[in-house]
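> curious how this folds, go ahead:
(2 chains)
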Amino acid sequence: MSSLWARIEPLLVRVQKPARYIGCEDGAVTARHGAGKVAWLLGYPDTYEVGLPNQGLQILYDILNGRDDAVAERTYAPWRDLEVLLRERGLPLFSVDSHLAAGDFDVLAFNLSSELVLTNLLNMIDLAGVPVRAAERRPEHPLVLVGGHTAFNPEPIADFIDAAVLGEGEEVIGEVTDVVREWKAAGRTEGSREAVLRALAQVPGVYVPSMYDVEYDGPRLVSVTPRYPDVPAVVHKRTVADLGAWPYPRRQLVPLTEVVHDRLNVEVFRGCTRGCRFCQAGMITRPVRERPLEQVRTTILDGIQRSGYDTVSLTSLSTADFSDIQPLIEAINPAGCGTSDAISVGLPSLRVDAFTVGLAASAAVGKRGGLTFAPEAGTWRLRQVINKLITEDDLYGAVDAGFAAGWLRMKLYFLTGLPTETDADTRGIAELAANCVAIGKRHTNRASITVSLGGFVPKAHTPFQWYGQNTVPELQRKVDLVRGAARGARGVQLKWHDPRATLAEGIASRGDRRIGAVIERVWRNGGTFQEWSECFDVRRWEAAMAAEGLSLDWYVFRHRDEHEVLPWAHLSAGLHEDFLWQDWRAALAGSGIEDCRWTPCYDCGVCTGYGLEHVVASPVAPAGGSQGTGQDLQRGGEVPVQLIGSRR
Amino acid sequence: MTWRIRYSKLGKVRFTSHRDSITHFERAARRAGLRVAMSQGFTARPRMSFGLGLPTGAESLAEYVDIDLVDAVDDLEGLAAVLSDALPIGYTVTAIALRQPGAVSLQEAVTACSWTITVDGVSLQQLTDAVEWAIASRALPLERERKGHRRVDDVRPVIESAVAAPGGDDDPRPRLEAVLLAAERGLRPTELVAALLPELDPLDAAARILRTEQFIDVEGTRRPVLAPAFALQEDRS
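Just a heads-up that it's a prediction; the model follows:
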């Protein structure tokens, strides 16, 4: 392995943002490669500034580099300008740490956080000099692995990957390293690739698509069955029971150039049982597992001291639900600290209620970020369908508290194209926003509300996985409805996601293996960086579907029925199929479901199936109103949760 | 008290922008536990002001920043070491002096910069000929882009001096040593190479760009903004 830096360096004066490619971050590790060590290249299939802050990648980077038998470097998708230069000069994808060729690593492991990055995945494999189709790879080629939320339906990329890892990586990454180390030690001989894949298929949480046969009947999927008796019929996700034992990343990377989320990011808990039915993250990351207060506090104070950041973001799917949120905020900025040494604390994914806003206001000393709420739907009826049980009073109380605390502008997130959505629901979005502006005007004349409107894409492993996505014209019609309704409303700004990109996302979201040819075609026709509007063209996707003889209606727009074999039926996030189906029926009936971390278990399957429990510091809901759940949370304490501090 | 700090920026970190450098110093100050005075206003910023922007991709032996520190400093070499440690790899603080109250800002004070450019694709003789031709010219028109518009400027008045020099042991390629005036429409080092060697691609030809000094005029005499030394006494500028 030798560094390509001398050949890459002269190219960097010709590209935008060359700092994307130099590495040198504080927290980066000087990798010491060696024959006995498994060399991992951790890749993020989007630009450096999008990928660098990714916590999953940083956690694995830290864990692997802490092992004696492994070494990890990182790579990100080179922007189109550099890609052209690399290809012109016959240079491969490289790591940003030591500028080594990607093909020299033993494993290329990609974090997939959305469907629209899948064409970049193919491009990076190809730029690495590795055949994009797994079947054409030989023992000298690296293993191509994927993980992350989008890996929960890896069928559309089944032909391009060697394995997908379901769930959390902290523990399984070591088990995979053990298997690959033995393969490497045995010399990666001719024919050994099949054997190492077979061995990987036996690691819990690892899915090796080539070990399964797929049978179709016309467009319908009939079965996905293991080809060998020692390959599991169903692959189950991995879950770390005790996050207290995994305080990673210990040294968050501090980039030398501007990135998204450019602050210290500290995870406070994983999992969410609010039960929002559209939300894949909430479904596949159960149960709730809080990190111990002391671990979070130490990570923040050490991280701030080391990194020079003055802002920390407490990350999770709903940070105000962290049991110790109040003491944590007080511990970060003890009374009496001056404004110049105060740490600004950001709470993304805010719950919608006045109490939470008070918390956000007290936390954001000095530098104040934006205030964003996600009611997701315009009427209480539809919010019951999606189980986002925020009352109008919750929202108005939150907004009132926000303007009272001095914010001038707030952002509201909504989805359109949801199951059972009527035009009254859609127009309700504009009405809610206008009412929020009216509340703001009581505090300031400059009050404004930005509505951000996204098209709903049904996702695997959610109660809405059977629902037929709205067509592009229907989504556009709904966007126009909101635009029309908001036109007269002063102080309401509207931003919306391109419904054509929503369509492309929908193709891959619930696709089966036949969609792989579509993704490959879009990539070969130049369709990289599909999350970037300047690079996206829906015609590439439509043309590829047509060329492969596949129907948009079949893959995207039609409703599925209860007995249909879904492409991810052999992959499990622990949720019982009948729980998801019952929850889907409950949704259609407009009936909500409670948060099971504080109220009795309704047996979604995860805790019971995997022998897990919620890990929280308090058996009752934190203080403050209805908590945006619409439920009576004063009860609490009825769940056999594992209390932090009482363990062991 | 405001301290005028001289530093070098060398190696891979040269691919970060001038804006990135500002962030690097803000973070370094916090990491080093230095309390920087904050500006007034809704979004308070640390009181730091930088000199002329260094083009992304260029290295420098002579960058400057003025930093207003809340606490008194009695060990300048110690301060330099602490700051160098807290900055990303590639930065070294080489001089610190107290800034005279009322001194003009670095942006306004700097009148000229010297550059050493390692030139690829020409011999020393060819470079010498090109430099002599350019220096002898009355006007040196160069078509270039500024704020999205292409325009032709006479860049000759901005070139105060230029000479060709042989390469060294580390890199045998010839070097162009030039002093360029800081003017409203200044001349970038790659543009100087484009003007001198129009037949070459300036991005290839200007293989290494190093700013070696920034100058100010004190009572009609040109001198470096800061002598490379640690002076607790007031800076004479």
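
> can we go C-alpha only for contacts and neighbour counts from here?
Will do.

> can you list the domains in the chain?
Chain wasn't specified; assuming chain A. A:5-21+A:38-236, A:263-366+A:594-648, A:370-514+A:550-573 (automatic domain parsing).

> please go with chain B instead
B:2-108+B:225-234, B:109-218.

> how far does the first one sit from its chain's centre?
In other words, domain B:2-108+B:225-234. 13 Å (Cα atoms, centre = their mean, to the nearest Å).

> same question, stretch A:517-530
22 Å.

> low-confidence bits of the stretch 501-648 of chain A, can you list those?
The stretch 501-648 of chain A contains residues with pLDDT under 70 at A:622-641, A:645-648.

> so what's the residue in the stretch 1-150 of chain A that chain B sits nearest to up against?
Residue nearest to chain B within the stretch 1-150 of chain A: A:Ala19 (5.1 Å; Cα to the nearest Cα). A:Ala19 is in contact with A:Leu256, A:Thr257, B:Val13, B:Phe15, B:Thr16, B:Ser17, counting by Cα atoms under 8 Å, 6 or more residues apart in numbering or on different chains.

> now it, what's its secondary structure?
Following DSSP: H, G, I helix; E, B strand; the rest coil, A:Ala19 is assigned to helix.

> check the one 5 residues further on too.
In terms of secondary structure, A:Cys24 is coil; the call rests on three-state DSSP.

> pLDDT score for it?
pLDDT for A:Cys24: 97.

> look up how far A:Ala6 lies from it.
Distance, A:Cys24 to A:Ala6, using Cα to Cα, to the nearest Å: 16 Å.

> who's more crowded, these two?
A:Cys24 (22 against 9; other Cα atoms under 10 Å in any protein chain shown).

> how about the secondary structure of residue 113?
Picked chain A for this. For A:Ser113, the assignment made with three-state DSSP gives coil.

> ah, I was thinking of chain B
From three-state DSSP, the assignment for B:Cys113 is strand.

> residues near it, how many?
When neighbours are counted by other Cα under 10 Å, B:Cys113 comes out with 20.

> so who does it touch?
Residues counted as contacts of B:Cys113 (Cα under 8 Å, 6+ apart) are B:Val179, B:Leu180, B:Leu181, B:Ala182, B:Arg211, B:Thr212, B:Glu213, B:Gln214, B:Phe215.

> and if you look at A:Gly169?
Taking Cα under 8 Å, 6+ apart as the test, what A:Gly169 contacts is A:Gly56, A:Leu60, A:Arg238.

> all helices of chain B, in order?
Here chain B has its helices, by DSSP state H, at B:18-31, B:76-86, B:106-109, B:124-136, B:189-196, B:202-205.

> tell me which of those helices sits nearest to chain A.
helix B:18-31 (4.2 Å).

> show the average pLDDT along that closest one.
Rounded mean pLDDT across helix B:18-31 is 96.

> so what touches it?
Taking Cα under 8 Å, 6+ apart as the rule, helix B:18-31 contacts A:256-258, A:305-309, B:35-36, B:46, B:50, B:53-56, B:83, B:86-88.

> biggest strand in chain B, by residue count?
strand B:206-218 (DSSP state E).

> so who does residue 167 touch?
Just so you know, I chose chain A. By Cα under 8 Å, 6+ apart, the residues touching A:Gly167 are A:Gly147, A:Gly148, A:His149, A:Phe152, A:Gly205, A:Lys237, A:Arg238, A:Thr239, A:Ile284, A:Thr285, A:Ala573.

> chain B was what I was after
B:Gly167 touches B:Thr118, B:Arg173, B:Pro174, B:Arg175, counting by Cα under 8 Å, 6+ apart.

> again, only using 6 Å
In this structure, B:Gly167 makes contact with B:Arg173, B:Pro174, B:Arg175, judged by Cα atoms under 6 Å, 6 or more residues apart in numbering or on different chains.

> okay if I get the residues you listed as TSV plus neighbour count, distance to chain A and pLDDT?
TSV is the format used below for these (neighbours: other Cα atoms under 10 Å in any protein chain shown; distance: Cα to the nearest Cα, whole Å; pLDDT from 0 to 100):
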residue	neighbour count	distance to chain A	pLDDT
B:Arg173	20	15	97
B:Pro174	23	17	98
B:Arg175	27	17	98
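
> out of those residues, which are inside strands?
Going by DSSP E, the strands hold B:Arg175 from the contacts of B:Gly167.

> now the contacts of B:Gly167 in TSV, with distance to A:Ser210?
Listed next are these as TSV, based on distance: Cα to Cα, whole Å:
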residue	distance to A:Ser210
B:Arg173	54
B:Pro174	57
B:Arg175	58
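
> residues of chain B that sit close to chain A?
Residues of chain B lying near chain A by Cα under 6 Å from any Cα of the partner chain: B:Phe15, B:Thr16, B:Asp20, B:Arg27, B:Arg30, B:Arg31.

> so what's A:Leu243 closest to, chain neighbours aside?
Nearest residue to A:Leu243, sequence neighbours excluded (Cα to Cα, 6 or more residues apart in numbering or on different chains): A:Arg291, at 5.7 Å.

> tell me how many other residues surround residue 172.
You didn't say which chain, so I picked chain A. 20.

> wait, chain B was what I had in mind.
Counted with other Cα under 10 Å, B:Pro172 comes out at 13.

> ok, A:Glu474 next?
14.

> helices or strands up against the strand or helix carrying it?
Assigned by DSSP states H and E, A:Glu474 falls within helix A:472-487. Secondary-structure packing of helix A:472-487 (3 or more Cα pairs under 6 Å, 6 or more residues apart in numbering or on different chains; DSSP states H and E): helix A:423-441.

> residues of the helix it packs on that come out buried?
If you call a residue buried by 16 or more other Cα atoms under 10 Å in any protein chain shown, then helix A:423-441 has these buried ones: A:425-441.

> shaky segments in chain B?
B:42, B:228-237.

> and with 90 instead?
Along chain B, the model assigns pLDDT under 90 to residues B:39-45, B:51, B:74, B:99-109, B:144-149, B:183-186, B:217-221, B:226-237.

> and residue 186, how many neighbours?
Answering for chain A, as no chain was given. 10.

> please refer instead to chain B.
B:Gly186 has 14 neighbouring residues, counting by other Cα under 10 Å.

> how far away is it from B:Ala178?
Going from B:Gly186 to B:Ala178 by Cα to Cα gives 13 Å.

> before we move on, back to that, nearest to B:Ser123, of the contacts of B:Gly167?
Closest approach to B:Ser123 among those (Cα to Cα): B:Pro174, at 6.8 Å.

> I'd assumed B:Pro166 was in contact with the closest one.
Yes: using Cα atoms under 6 Å, B:Pro174 is in contact with B:Pro166, at 4.7 Å.
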